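Q: Below is the sequence, then the predicted model.
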Amino acid sequence: MADDIGLFEAIYSQRAIRKLKPDPVSDELIHKLIEAATKAPSGGNTEPWAFVVVREQATKDKIAAWYLEGWERTYVAGTDSGKNLPDNMKRVYGAADHLARNMAAVPVLILVCGKNAPRQAGAHSGGYYGSIFPAVQNLLLAARGLGLGASLTTLHKFHEQDIKALLGIPDSVETIALVPVGHPRGRYGPTTRRPVEEVTHFERWDPSTT
């Protein structure tokens, strides 16, 4: 197992890693990722999450085909396969396209699910998802800390009912995020983000801040 790194080093260098090696990821590492996810806060300490770890190739093949269909429906046609994107977005598009076309080769897919999902949008649903995504972020940071690559994806949602049927997931459970995990081909950060001064408002909204 890789040596743990400092919290802020993980935060400042964690980024979506979409090019992954097919090498196996050990049970020990998967356990540590999910254990880290379960340490996240949740509304009322309800811990509404559940995790489905997928390694079987036939299952990954089906999920990958559905994911690719969602990718092509959402991004490929509208961007002319990335050709009409700004230069700074072409690299991101290329990595995302690579993942969509190679999802079946990723060693581990982790579906982050929510139990007792709200049946309609509203204030309650916001709190519900707010109890799930901290667990997703913990999982991503743990992957960075352990030297693994991972990314948050949601395009599987186009075929959520198919995936739930495939994996035997009950109707009361929602598949909220699909996290591909593997040993990275790419490198970690540092990431480039807008300065704090550009995104922070004190006391009230400052219209001069963009």
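A: Arrived safely, thanks for sending.

Q: Quick check: next helix or strand after the lowest-mean-pLDDT helix or strand in the chain?
A: Using mean pLDDT, DSSP states H and E, helix 77-79 stands out as the lowest-scoring helix or strand of the chain, at a mean of 63. Once the chain leaves helix 77-79, the next helix or strand it forms, by DSSP states H and E, is helix 87-102.

Q: tell me which strands and helices that following helix is in contact with?
A: Packing partners of helix 87-102 (3 or more Cβ pairs under 8 Å, 6 or more residues apart in numbering; DSSP states H and E): helix 57-71. Using the backbone N, CA and C atoms, a C-beta is placed for each residue, glycine as well.

Q: Return the set of buried residues in the helix it packs on.
A: Residues 59-60, 62-64, 66-68, 70-71 are the ones in helix 57-71 that count as buried (16 or more other Cβ atoms under 10 Å).

Q: cool, stretch 175-189 as well?
A: 175-184, 188.

Q: So which of those are in strands?
A: 175-182 (DSSP state E).

Q: Relative to L29, which of those is nearest.
A: Closest approach between those and L29, by Cβ to Cβ: V181, at 8.3 Å.

Q: Please give me every residue in contact with that closest one.
A: V181 makes contact with 20, 25, 30, 33, 106-110, 143, 148-150, according to Cβ atoms under 8 Å, 6 or more residues apart in numbering.

Q: what do you get for H183?
A: Taking Cβ under 8 Å, 6+ apart as the contact definition, H183 lies against 20-21, 23, 25, 107, 147-149.

Q: quick revisit: state the pair within the buried residues of stretch 175-189 that is farthest apart.
A: Based on Cβ to Cβ, the longest span within the buried residues of stretch 175-189 runs between T175 and Y188 and measures 27.2 Å.

Q: sorry, back to before: quick check, nearest of the buried residues of helix 57-71 to E160?
A: Nearest member of the buried residues of helix 57-71 to E160, counting by Cβ to Cβ, is W66, at 9.2 Å.

Q: Verify the stated contact: that closest one with D162.
A: Yes: when contacts are counted by Cβ atoms under 8 Å, W66 is listed as touching D162 (6.0 Å).

Q: how close does the residue nearest to the spatial centre of the chain get to I169?
A: With distances taken as Cα atoms, centre = their mean, the residue of the chain nearest its centroid is L152 (1.4 Å). Applying Cβ to Cβ, to the nearest Å, the value for L152 to I169 is 19 Å.

Q: Could you do H201 as well?
A: H201 is 41 Å from I169, by Cβ to Cβ.

Q: Who has more neighbours out of those two?
A: Just comparing H201 and I169: by other Cβ atoms under 10 Å the higher neighbour count belongs to I169, 18 against 10.

Q: Helix, strand, or coil at that one?
A: coil (DSSP: H, G, I helix; E, B strand; the rest coil).

Q: That one: what's it in contact with?
A: For I169, the contact set (Cβ under 8 Å, 6+ apart) comprises 52, 111, 113, 163, 175.
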